[in-house]
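J.: Provided below for reference: sequence and predicted model.
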Amino acid sequence: MDRFLQLFGDNPAEYVVNSLLMAFIAYWAWRLILSPLLAIIRNLWMLRAIRTIGVLEITPPKQPHTQPLNTKNLFAVLQMNFKSKSPVSFEIVGDKKNGIRYRAVADKDDLPSIQKHFASYMPELKFKYFDTAPPLRPGAVTMGLKQTRSFAYPLKPQEDLTETDPIAFIAGSMTQLKDDEEVALQLILRQYSSRKASRIYNQILKRGHAKVDGILKLSQPLFLTDMRFSAYSSERTATLLNDFAASLETLNSPGFQNIQYSRHPLAAQSNKYSAMLFSHRLGSVLPCTPSVLSAGELASIFHFPQGLIRTEGMVRTHSRVLPAPISLHGNPNLTLL
């Protein structure tokens, strides 16, 4: 014990100074080395875990009417389903045969709650359940998407979808596909819990020289978001990737915050890694890779078109779905046809 104490000095002054120095080193060792290492080990362990995931395919009505605030509130309500060990994948997929479809992929135990919240958000939605999640098509190219600046900088606000609707351009990039082509946008969501967001928020308020949009973003629920886009084509993979990248310009705020593809020097190995995560619906292993998006930003990317759906090939219902009368609930003598 005496030898241990001697490491901190021979007098009270040296003891205090060396103790503070050791505490400083320990803090930064935890922040820069130990905490990221533990996160990587935890994420690698998740890759070995066996998940029983299912698919909830969501079909919008022919003419959806909902405001961005309502969609933002939907993601705020859904956040309890976004667990670090079992993230939820929201996807927009398209091919020539089946058209453009929305789906949520999550643990089977979470899908009933997710369906309930979507039905509350828009009662006209129709749902179809599948027991297994389709894997990524062999040979597809998968590209990760990232924010170009700190997550505190927001994307362009989307308050009036009647003037410009980002999903019209995103879905439009998935049209006019050939018989063998498939595309998919994937958003893997996990809860984001960090004092960093609160610290930045307080600094913005104190200094008062940031955009009001930044303050609004940090005051919303935040989510770790792994964004990926996959494309399969025998001839036009690069074209499909470029068309989708161009569709994201409606979300970008030039000189402030953009979403763009992540470029890696080891492209082949990176594609295999991204394809594996895509198929298993998992977040990135590296803790520094995911973006951090607010509920409002997610609502700008993943929502149903505003007004009459005119996008070519988008699957939608043509009749209004009404709930069964309360008198039919629990009556064994009546059957719905």
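T.: Perfect, thanks for sending it. Residues are numbered from 1 along each chain as shown.
J.: Give me the mean pLDDT for the helix or strand hosting S19.
T.: Element membership for S19 (DSSP states H and E) is helix 12-29. If you average the pLDDT over helix 12-29, you get 74.
J.: chain center to that helix, what's the gap?
T.: Mean-position distance between helix 12-29 and its chain equals 41 Å (CA atoms, centre = their mean, to the nearest Å).
J.: go on, stretch 174-183?
T.: 23 Å.
J.: Also stretch 234-252?
T.: Distance, centroid of stretch 234-252 to centroid of chain: 19 Å (CA atoms, centre = their mean).
J.: Check stretch 74-93 too.
T.: Worked out by CA atoms, centre = their mean, stretch 74-93 lies 7 Å from the chain centre.
J.: Distance of K108 relative to R149?
T.: 38 Å (CB to CB, to the nearest Å). In this view, the C-beta of every residue, glycine as well, is placed from N, C-alpha and C.
J.: Have a look at the two and say which one is more surrounded.
T.: Neighbours were counted for K108 and for R149 using other CB atoms under 10 Å; K108 has more, 14 against 11.
J.: Looks like the more buried one contacts V55 (just checking).
T.: No - using CB atoms under 8 Å, K108 makes no contact with V55, being 9.7 Å away.
J.: strands paired with whichever strand or helix holds G144, and their directions?
T.: Taking DSSP H and E as the criterion, G144 maps to strand 141-147. The pairing partners recorded for strand 141-147 under DSSP bridges are strand 222-232 (antiparallel), strand 259-261 (antiparallel).
J.: Tabulate these in CSV, adding columns for distance to D131 and mean pLDDT.
T.: Compiled in CSV, the strands paired with strand 141-147 are given as follows (distance: least, CB to CB, whole Å; pLDDT from 0 to 100):
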stretch, distance to D131, mean pLDDT
strand 222-232, 22, 93
strand 259-261, 33, 92
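J.: returning to what we had before: need the CA coordinates for the helix holding S19. CSV is fine.
T.: Presented in CSV, the C-alpha positions along helix 12-29 are these (Å, rounded to 0.1, in the frame of the first residue of the first chain):
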residue,chain,number,x,y,z
PRO,A,12,0.8,16.5,-0.1
ALA,A,13,1.3,18.9,-3.1
GLU,A,14,2.8,16.2,-5.3
TYR,A,15,0.0,13.8,-4.2
VAL,A,16,-2.7,16.3,-5.3
VAL,A,17,-1.0,17.1,-8.6
ASN,A,18,-0.3,13.5,-9.5
SER,A,19,-3.8,12.4,-8.5
LEU,A,20,-5.3,15.0,-10.8
LEU,A,21,-3.0,14.0,-13.6
MET,A,22,-3.9,10.3,-13.2
ALA,A,23,-7.6,11.2,-13.2
PHE,A,24,-7.2,13.3,-16.4
ILE,A,25,-5.4,10.4,-18.1
ALA,A,26,-7.9,7.9,-17.0
TYR,A,27,-10.8,10.0,-18.2
TRP,A,28,-9.4,10.4,-21.7
ALA,A,29,-8.3,6.8,-21.8
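J.: Could you give the average pLDDT over stretch 156-172?
T.: Rounded mean pLDDT across stretch 156-172 is 82.
J.: How about stretch 178-185?
T.: 94.
J.: for that stretch, which positions count as buried?
T.: Across stretch 178-185, burial judged by 16 or more other CB atoms under 10 Å covers E181, E182, V183, A184, L185.
J.: what about the fourth one, which SS state?
T.: Yep, that's A184 we're talking about. Following DSSP: H, G, I helix; E, B strand; the rest coil, we place A184 in the strand state.
J.: tell me which residues in stretch 154-168 are buried?
T.: Buried residues in stretch 154-168 (16+ other CB under 10 Å): P154, L155, K156, P157, Q158, L161, D165, P166, I167, A168.
J.: ok, the last one touching F304?
T.: In this case it means A168. No - between A168 and F304 there is no contact under CB under 8 Å: 10.9 Å.
J.: what sits against the closest residue to Y232 other than its chain neighbours?
T.: Leaving out its chain neighbours, the residue that sits closest to Y232 by CB to CB, 6 or more residues apart in numbering is A140, at 3.9 Å. If you count contacts by CB atoms under 8 Å, 6 or more residues apart in numbering, A140 has them with E182, S230, A231, Y232, A275.
J.: From those residues, pick the one nearest N242.
T.: Closest to N242 out of those is A231 (9.8 Å), distances taken as CB to CB.
J.: count of neighbours near that closest one?
T.: Neighbours around A231, by other CB under 10 Å: 25.
J.: Identify the bridge partners of it.
T.: V141, V183.
J.: Tell me which of the strands paired with strand 141-147 sits most buried.
T.: Burial of the strands paired with strand 141-147 is given as mean neighbour count (mean count of other CB atoms under 10 Å); strand 222-232 ranks first at a mean of 24.
J.: how far is that strand from where the chain is centred?
T.: With CA atoms, centre = their mean, you get 6 Å for strand 222-232.
J.: Also stretch 299-309?
T.: That offset, for stretch 299-309, works out to 16 Å (CA atoms, centre = their mean).
J.: List the buried residues in that stretch.
T.: For stretch 299-309, by 16+ other CB under 10 Å, it's A299, S300, I301, F302, H303, F304, P305, Q306, I309.
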